[in-house]
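Peer 1: Structure of the sequence below:
(one chain, ligands or ions: 2)
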Amino acid sequence: MSDTIHLLPDHIANQIAAGEVIQRPASAVKELLENAVDAGATEIRLLVNDSGKALVQVIDNGKGMSPKDAQNAFARHATSKISTIEDLFQIRTMGFRGEALASIAAVAQVSLKTRREADELGTSVEIENSKVTETTAISCAVGTSISMKNLFFNVPARRNFLKSNSAELKHIIEEYTRVALAFPEVYFSLSSNGQDVYHWEGGSFKQRAIQVLGNSYQTKLVAVGEQTDYLTITGFVGKPETAKKTRSDQYFFVNRRFIKSAYLHHAVANAFDGLIAKENFPSYILYIDVDPTQVDINVHPTKQEIKFEDDKIIYAFVQAAVKHALAQFSIAPSLDFSLDASIQQLDAIQQPFTTEKANTAASQSLYEGFTKKNQAHFIAKSDSASKQDWKNFFTTLPSTDNDQTVHESESYIVKSSSMGLYKDGSPLQVNEEAVLMQLHQTFIVAPSHSGCIMIHQQLAHERVLYEKFQKASAHPHATQKSLFPVVLELSVSDAILLEEIIEDLALIGYEIEAFGPNSFIIQGIPADVNAGNEKNAIELLLEQFKHFSGDIKFSKREKLIRCMARQMAIKAGQALTQKEMHALIEALGECDIPNITASGAPTFVEFKEDYLNGLFSK
Ligand code: ADP
Ligand code: MG
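Peer 2: Ligands and ions are numbered 1, 2, ... in the order given. A predicted model of the protein is given here:
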């Protein structure tokens, strides 16, 4: 037998190593932007074509390279940032491994133009398959320009793994935003296929935060700032009203390096406990600065995870700092609770306040929240607490994700999820004369032929709409033309998302057209949707869609239909007339799978007569 081990040729070894650093165009964006920052640039421009698949170019006005450095920069382990192992523990630069340029050069065609201020002429270097193919002296601006063309041109298998242009551009924008947030004093611009996407002048941290989050955040940020001998934390959290259903707009930086940390996220979420609904995420941009010897940034090749010497201290500190900031904000009601114009128009504000109203109001948790000193922001808590009580009351309600708790009495209650077992017809066949009861504006209680049923109005309606949209997407849904088309201005990433689903939206009746960069015009809406808040509806839809987008097991259309159904369902808390309640039960009864929502929550429960009788036996 012959020996089977052989050494990989350099270019293959390089390509494999490159895979760890450069997975997609956005990885190159991150590395090139960080190099520009390390070079002390005050202006950094990023240009991409074809979402970075054809071109990623970064132009900076930093310190540039000597002709020799320009050629050496692309060798593996070529770095000017550390020279001894001790340096590793004092890192103040973004890069230090000397891997980025070597990796890029292994998987793309690269050209570099660079000049130092002291040099008359600059250097131009061309590289392909990790080899310098051409070096010339040229005249060029001070600083460095690196273009990476045709990523993975020599690794077709990797190229095939790249996602759609919109998805890749989204990743690029993400990396761009992270670096720009870390270095607000630097001018950053991004253009895509020759079109300007962003240009952000250098300024304060707050200015950069607003450039990123949008002008509407001008009055919605709470400043965080605490300092100890051990560490400093600065930055902003969004006021509770800016909390979103999706995890966007959440940034942690440690010594100006963006990091992902579920642990620290938890610390912030904890500080918001009671201020925002459980399913919502607070927005934040927080900068932690610690002595570099206290952190190990060396644990992950793309350096997004970090190990702290003592992470419990950091957790406690982050939580305290955010709590403190929020407390300061809520004890300044004169500044922050001024009602905006649209709220002042509401009936409740305009109408005289009668004793009767005062009594009802006083019994509501909202009122309590506002009258207890400094408690204004604890509204959500008392609200969710009362919902919790309701859950406890219905201990026998079949639960979707916790089926271990089986109550003895459950055998008498027919879980709606065991439908199909009904022998004498569906319990949803309710006599049309029957008087129905709406409990807490959430549940409908109706007599069934062998007991009674309790329907969750929102979940039931969600099922009805889900099936309707599902059928509609097979035969396009009717559209009503808007009399006054509404213009929708979106963030770049939302615009990309909307473009992706615009055709599916058309199938269910939304007629939307692109209208300039990141703007859309809503020309028509589904025939059965009330006109008036189309804009809001689309924005909500995008939010929910993002929430789903990690879920690869669903098709785009399925996700969309689920979002639409959830969004348009009548909500808990809405009063319904007898007619509406009957119509809902009838529509639910006509569904193919009436008993659960698309995501599996029960829509109703049946209480069998035997069970009800059993409750009253001695
Ligand atoms: P690292 O950043 O870890 O040192 P890189 O492969 O990213 O490794 O870069 C290699 C070296 O090339 C850097 O250490 C730096 O000296 C030089 N370099 C890279 N990009 C630039 C730039 N934009 N301006 C000046 N020098 C640069
Ligand atoms: Mg680098």
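
Peer 1: give me every residue that touches the nearest residue to residue 66 once chain neighbours are set aside.
Peer 2: Leaving aside its chain neighbours, residue 66 sits nearest to residue 116 (6.5 Å; criterion: C-beta to C-beta, 6 or more residues apart in numbering). C-beta: built from backbone N, CA, C; applies to glycine. Applying C-beta atoms under 8 Å, 6 or more residues apart in numbering, we find residue 116 in contact with 63, 64, 65, 66, 142.

Peer 1: State the pair within these that is farthest apart.
Peer 2: Farthest-apart pair in the contacts of residue 116 is 66 and 142; separation 13.0 Å (C-beta to C-beta).

Peer 1: Check the average confidence over the helix or strand encompassing residue 234, would you?
Peer 2: Assigned by DSSP states H and E, residue 234 belongs to strand 231-238. Averaging the model's pLDDT scores along strand 231-238 yields 93.

Peer 1: Would you mind listing the outside residues contacting it?
Peer 2: By C-beta under 8 Å, 6+ apart, the surrounding residues in contact with strand 231-238 are 205-206, 209, 213, 217, 220-227, 249, 253, 268, 272, 282-291, 294, 314, 317-318, 321-322, 325-326.

Peer 1: from the chain's centre, how far out does it sit?
Peer 2: Centre-to-centre, strand 231-238 and its host chain are 20 Å apart (C-alpha atoms, centre = their mean, to the nearest Å).

Peer 1: Sheet-wise, list the partners of it with their directions.
Peer 2: Paired neighbours of strand 231-238 in the sheet (DSSP bridges): strand 221-227 (antiparallel), strand 284-290 (antiparallel).

Peer 1: Helix, strand, or coil at residue 543?
Peer 2: Of the three states, residue 543 takes helix under DSSP: H, G, I helix; E, B strand; the rest coil.

Peer 1: Could you report the neighbour count for it?
Peer 2: When neighbours are defined as other C-beta atoms under 10 Å, residue 543 has 17 of them.

Peer 1: what's the spacing between it and residue 246?
Peer 2: 6 Å (C-beta to C-beta, to the nearest Å).

Peer 1: Just name the closest of the contacts of residue 116 to residue 89, please.
Peer 2: Using C-beta to C-beta, the contacts of residue 116 come closest to residue 89 at residue 63, 24.4 Å.

Peer 1: pretty sure the closest one contacts residue 39?
Peer 2: Yes. Residue 63 is within contact range of residue 39, at 5.0 Å (criterion: C-beta atoms under 8 Å).

Peer 1: Mutual contacts of the two, please.
Peer 2: Here residue 63 and residue 39 have residue 143 as joint contacts, going by C-beta under 8 Å, 6+ apart.

Peer 1: just checking, what packs against the helix or strand following the strand holding residue 234?
Peer 2: Using DSSP H and E, the next helix or strand after strand 231-238 towards the C-terminus is strand 250-254. Judged by 3 or more C-beta pairs under 8 Å, 6 or more residues apart in numbering; DSSP states H and E, strand 250-254 is in contact with helix 165-182, strand 257-259, helix 262-271, strand 284-290.

Peer 1: Pipe these into a markdown table and attach distance to ligand 2 and mean pLDDT per row.
Peer 2: Output for these, formatted as a markdown table (distance: least, C-beta to the ion, whole Å; pLDDT from 0 to 100):
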| stretch | distance to ligand 2 | mean pLDDT |
| --- | --- | --- |
| helix 165-182 | 12 | 94 |
| strand 257-259 | 12 | 92 |
| helix 262-271 | 25 | 90 |
| strand 284-290 | 21 | 94 |
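
Peer 1: Can I get those in TSV including mean neighbour count?
Peer 2: Formatted as TSV, the helices and strands packed on strand 250-254 follow (neighbours: other C-beta atoms under 10 Å):
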stretch	mean neighbour count
helix 165-182	21
strand 257-259	20
helix 262-271	18
strand 284-290	21
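
Peer 1: picking that back up, list, out of the contacts of residue 116, those positioned next to ligand 2.
Peer 2: Among those, no residue sits close to ligand 2 (C-beta under 5 Å from the ion).

Peer 1: between those residues, which is nearest ligand 1?
Peer 2: residue 65 (4.8 Å; C-beta to the nearest ligand atom).

Peer 1: do stretch 243-261 and ligand 1 meet?
Peer 2: No. Residues of stretch 243-261 contacting ligand 1 under C-beta under 6 Å from any ligand atom: none, with a closest distance of 12.7 Å.

Peer 1: Residue 211 in helix, strand or coil?
Peer 2: Applying three-state DSSP: residue 211 is helix.

Peer 1: do stretch 277-297 and ligand 1 meet?
Peer 2: No. Stretch 277-297 stays clear of ligand 1 (C-beta under 6 Å from any ligand atom), getting no nearer than 11.8 Å.

Peer 1: how close does whatever residue of the stretch 1-150 of the chain ends up closest to ligand 1 sit to residue 30?
Peer 2: Evaluated by C-beta to the nearest ligand atom, the stretch 1-150 of the chain has residue 95 as its residue closest to ligand 1, separated by 2.2 Å. Note on residue 95: its distance to residue 30, by C-beta to C-beta, is 10 Å.

Peer 1: higher neighbour count, those two?
Peer 2: Of the pair residue 95 and residue 30, residue 30 is the one with more neighbours under other C-beta under 10 Å, namely 25 against 19.

Peer 1: quick one: the more buried one and residue 260, what's the gap?
Peer 2: Distance of residue 30 to residue 260, computed by C-beta to C-beta: 13 Å.

Peer 1: ok, now residue 468?
Peer 2: As judged by C-beta to C-beta, residue 468 and residue 260 stand 40 Å apart.

Peer 1: Which one's more surrounded, these two?
Peer 2: More crowded of residue 468 and residue 260, by other C-beta under 10 Å: residue 468, with 20 against 14.

Peer 1: Mind telling me what element that one is part of?
Peer 2: Using DSSP H and E, residue 468 sits in helix 457-472.

Peer 1: can you check residue 587 too?
Peer 2: Residue 587 belongs to helix 578-589 when assigned by DSSP H and E.

Peer 1: Buried ones in that helix, by neighbour count?
Peer 2: 580, 581, 582, 584, 585, 587, 588 (16 or more other C-beta atoms under 10 Å).

Peer 1: For the closest residue to residue 189 other than its chain neighbours, what are phi and psi?
Peer 2: In this structure, residue 189 finds its nearest non-sequential neighbour in residue 199, 3.9 Å apart by C-beta to C-beta, 6+ apart. Main-chain torsions, residue 199, degrees, to the nearest 10: phi -140, psi 120.

Peer 1: and the gap between residue 199 and residue 165?
Peer 2: Distance from residue 199 to residue 165, counting by C-beta to C-beta: 22 Å.
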